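Student: need a structure here:
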Amino acid sequence: QVQLVESGGGLVQPGGSLRLSCAASGRIFSINEMGWYRQAPGKQRELVATIPSGGSTNYADSVKGRFTISRDNAKNTVTLQMNSLKPEDTAVYYCNADISHYSDYDVYYEYWGQGTQVTVSS
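Tutor: Reported below is the predicted structural model:
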């Protein structure tokens with residue numbers, strides 16, 4: 001019923017920038033929190049940044065000052081601007097959103113995108 005589709009991953013040199021985008025589509029009544037998570041090889045998935053429908057953003061300490069999360073509520077999209085990338089930022093990045101449907105608009109379900117690879121290497 002709902003799809004989250006990410007784009008924008010790739011290979012970048014240390015110090016470079018990438019911009020990840022995620023678009024939600026389908027039977028959507030409203031979207032509460034949206035966010036980005038990442039999972040490096042051999043590690044657990046971890047929070048990168050989240051942004052509620054209204055209010056302040058939240059960042060992992062490791063990305064504060066380098067990454068910026070934003071969203072467009074009219075387009076149901078969330079974006080992660082990543083600057084000053086480091087090799088330790090290498091991971092698969094996943095989009096996440098809490099979405100309600102017209103059939104039960106006061107219940108929010110968690111959805112995940114398929115992931116996009118970000119590799120930071122010289």
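
Student: now residue 89: how far from residue 23?
Tutor: Per Cβ to Cβ, to the nearest Å, residue 89 is found 22 Å from residue 23. Heads up, the C-betas are built off the backbone N, CA and C, glycines and all.

Student: next, work out how far apart the residue located most distally from the centre of the chain and residue 118 are.
Tutor: Relative to the centre of the chain, the most outlying C-alpha is that of residue 103, 25.9 Å out, by Cα atoms, centre = their mean. Relative to residue 118, residue 103 is positioned 35 Å away (Cβ to Cβ).

Student: swap in residue 71?
Tutor: 19 Å.

Student: more crowded one of residue 89 and residue 23?
Tutor: residue 89 (22 against 17; other Cβ atoms under 10 Å).

Student: thought that one was touching residue 120?
Tutor: Yes: taking contacts as Cβ atoms under 8 Å, residue 89 lies within contact range of residue 120: 5.1 Å.

Student: where do the strands sit along the chain?
Tutor: Taking DSSP state E, the strands of the chain run over residues 2-7, 10-12, 18-26, 30-39, 46-51, 58-59, 67-72, 77-82, 91-101, 104-112, 116-120.
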